[in-house]
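> Structural data only, the sequence is not supplied:
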């Protein structure tokens, strides 16, 4: 199978980037999308051109490192799929595929398709935790948690922090990311003591980083490779309102 | 070269060693802790839990990760679960049983005292993780749920769907980020450690390269912890993440740290078979699938090309259930992998190249229904379907063994300190707890045990007793190391040959898999030892790395790691050649029972093989640490 890839190339943070076209030949239908980029990079290096930089690591859909906006869609056309789990058989002979980095002001491009997502770490550092030092824990079965709540918590906790929600949002909002963390803890007794402080602090950092507000288009849920529901944004908004009214300190 | 290894195992009865040791360790008083700086390299389960806990105690911590965030470390990909001797199921589990299973599972090639301590602290790990808000699976009554895992006859594995590693790592990451927020940990992402710096014989810092800007930096501290994972990617194809590498531990080895048991590699039985030469990694299907899946191949070679659904029950060979009736499909990983290889060698393998066996959920779906199976393994089935285009609900999965975990690593004593004072090694990067084979759901346990509950005690003793002067990171030793690192980068860039780093990595990896993989022979290993230096020579004369060292350069990063694999691979083969016995994941075809099981030689090989770098890769110095068994009786491992 032969394809044409139109890829965003950008030397560094300051440089002006541009789309470049590259033909790739003889790709097998069993290849993953990133393996196709591996092949392209081998071809480029043979021709003494620098390889395309893209973020990737586990290649099994869990580390959250891979990104890419493929034909306008974060993580490509498949639902509930990270780019690394996307397979070549989803494309046809002769297709032209555009590949861009996450486009959002809080995620600056470092090189080519690689972006800086450290804003997520800074949000996490403001409140995405339970303040319990090692050694303070009671027996694990001391606090029973109904399966229903444990499952809701787990549904939210599946977030891999990839940033597709931001890339999909016209406001570059990260409220699905923040909501997932807030909801994970809100459904557990362990999360209650810091519940109000957490949502206010994390949203405060979210806004400082330049992420926009949610205007309910739900593109984030459609793009999320772990199918995190926008329900977590609703839950977070409720907690945020409550915490604001109670006037909890940040 | 006269080096002797002191394992520092405390005296006294096994069950009391750790408690006695904690009391004997010197303490650093709370006001003095803030005067000490500790470097932690790697932010997986071991590194993140260590960095967070050390910071909670009051130390200044610098943590480093080559990924863009601490949360991405490869611990995140562990699927099945984490063991703990809680005995919540009332099925006869105990600290002693977890200890015994782990020692036996490791084919009697691990230290008793280390393994016993691991079993002891396992229960605290579960408590800690639950308190952090890790959403483990629960029963309707609200208590924690358990499943069984290979190599055990009790249900002691805690899990969070098929994403246990992710949830545990995010728990440790949240604890770490809390400390970052409090200013007690300084986090350095996209930063790769390229050397360890010794001052006065003690490990006092590291040299890093900022992967975005290419800047080479030096960092001084009072102690260094390496939690940089295993070396499975030496094989090119493995279940490891693309970035996993041996560089940190190999650089430390070349500075004097002994590398122990590098030939102990775990080949995981349940991975998706390889589909072609383009392949960049192998995907694991959690061992937990063997709880409900039945492994089989067609009895008749003529049936291997048939649709498995058309092969009647009496024409299937459920070989694990047949050969190992008491453990059945839940035999340990090394046993299951070798059995799969044997069936394929006999011509009964299925799929492309005959390199696969079936893992069948038909019976489980009939017994408990598709929805229950989906709840247990849904995400794994989806992953399988995405890669192979086949649904495991409809047709059996095809699986084949793949490199997954490495039991060998830098030698450490009971305090997790290497033979270089101040250099501590945690998690998969050390060699200590799994012997020649690791049981399922024990890697997460060991990583978190080392980080949350061992190093916080033992590092204090080192700091309180080392008596070393403070360093700033600008001493001549640091400057010299930085110059060396820079020169190495320049050398890689200056070759300007014709082959990419990946092509060399692939060549080495395929050779290692062929000669030092599931089955090893003296002749094959010798052949690999002859070939590896040739590949290395070509690497240093025909490598093609474009661009420069002062920018984000993925090819340069990769080249540095491949250069280290090319040196390390030779040591792995040498260790495998030297160990003239079969044990756990190390199978020398010359040493097997009539039934094809591993044949140990306890008289000559009940020791840790720790290798010292001598300046000549072809002539490392072998130092042996005898393994003394006071508690368990060495026996032939049987799962029949």
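Structure's in. What do you need? These numbers come from a predicted model, not from an experiment.
> Does residue B:224 belong to a helix, a strand or coil?
At residue B:224 the chain is in strand, as set by DSSP: H, G, I helix; E, B strand; the rest coil.
> Please name the bridge partners of it.
Beta-bridge partners of residue B:224, counted by DSSP bridges, are residue B:39, residue B:423.
> what number of residues lie near the residue in chain A that chain B sits nearest to?
Closest approach of chain A to chain B (Cβ to the nearest Cβ) occurs at residue A:144, with a separation of 2.8 Å. (C-beta placed from N, C-alpha, C; glycine too.) Using other Cβ atoms under 10 Å in any protein chain shown, the number of residues around residue A:144 comes to 14.
> which residues does it contact?
B:138, B:141-143 (Cβ atoms under 8 Å, 6 or more residues apart in numbering or on different chains).
> and the two most separated of those?
B:138 and B:141 (8.2 Å; Cβ to Cβ).
> So for these two, which sits in the more crowded spot?
Shown here are residue B:138 and residue B:141; by other Cβ under 10 Å, residue B:138 has more neighbours (22 against 9).
> phi, psi of that one?
Main-chain dihedrals, residue B:138, degrees, to the nearest 10: phi -130, psi 160.
> Quick one: neighbours of the closest residue in space to it that isn't next to it in sequence, just the number.
Once flanking residues are discounted, residue B:138 sits nearest to residue A:150: 4.3 Å by Cβ to Cβ, 6 or more residues apart in numbering or on different chains. Using other Cβ under 10 Å, residue A:150 is surrounded by 22 other residues.
> Correct me if wrong: residue A:150 contacts residue B:134.
No. The criterion here is Cβ atoms under 8 Å, and residue A:150 misses it with residue B:134 at 10.3 Å.
> in the sheet, who's paired with residue A:6?
Residues in a beta bridge with residue A:6, per DSSP bridges, are residue A:21, residue A:98.
> list the buried ones in the helix or strand containing the residue nearest to residue B:138?
Assigned by DSSP states H and E, residue A:150 belongs to helix A:147-157. Across helix A:147-157, burial judged by 16 or more other Cβ atoms under 10 Å in any protein chain shown covers A:147, A:149-157.
> ditto for stretch B:408-416
Neighbour-count burial for stretch B:408-416 [16+ other Cβ under 10 Å]: B:408-416.
> Greatest separation within those residues: which pair is it?
So for the buried residues of stretch B:408-416, where distance means Cβ to Cβ, the most widely separated pair is B:408 and B:415, at 19.3 Å.
> And residue B:153, its phi and psi?
Phi and psi for residue B:153, reported as degrees, to the nearest 10, are phi -110, psi 10.
> residue contacts, the residue in chain B that chain A sits nearest to?
Residue nearest to chain A within chain B: residue B:142 (2.8 Å; Cβ to the nearest Cβ). By Cβ under 8 Å, 6+ apart, the contact set of residue B:142 is A:144-147, A:150.
> Look up the closest residue to it, ignoring the ones flanking it.
Closest residue to residue B:142 apart from its sequence neighbours, by Cβ to Cβ, 6+ apart: residue A:144 at 2.8 Å.
> That neighbour: what secondary structure?
When classified by three-state DSSP, residue A:144 comes out as coil.
> what ranges do the strands span in chain A?
Secondary structure of chain A (DSSP state E): strands at A:3-9, A:18-24, A:69-70, A:73-74, A:96-100, A:109-111, A:114-115.
> What about the closest residue to residue B:325 other than its chain neighbours, how many residues nearby?
The shortest distance from residue B:325 to any residue other than its chain neighbours is 6.5 Å, reached at residue B:640 (Cβ to Cβ, 6+ apart). Neighbourhood size, residue B:640 [other Cβ under 10 Å]: 10.
> How about residue B:510?
Number of residues near residue B:510 (other Cβ under 10 Å) recorded here: 15.
> Quick check: the residue of chain A positioned farthest from its centre vs residue B:178, distance?
Most distant residue from the mean C-alpha position of chain A: residue A:142, 34.4 Å away (Cα atoms, centre = their mean). Applying Cβ to Cβ, to the nearest Å, the value for residue A:142 to residue B:178 is 22 Å.
> Below-threshold pLDDT in chain A: ranges please.
Applying pLDDT under 70 to chain A picks out residues A:249-250.
> Identify the single longest helix in chain A, thanks.
As assigned by DSSP state H, the longest helix anywhere in chain A is helix A:231-246.
> what helices or strands is it leaning on?
helix A:175-186, helix A:195-208 (3 or more Cβ pairs under 8 Å, 6 or more residues apart in numbering or on different chains; DSSP states H and E).
> Give me the contacts around that helix.
If you take Cβ under 8 Å, 6+ apart as the criterion, helix A:231-246 is touched by A:156, A:175-176, A:178-180, A:182-183, A:186, A:195-197, A:199-200, A:203, A:214.
> what about burial for the residues you listed, which qualify?
If we count by 16+ other Cβ under 10 Å, the contacts of helix A:231-246 have these buried: A:156, A:175-176, A:178-180, A:182-183, A:186, A:195-197, A:199-200, A:203, A:214.
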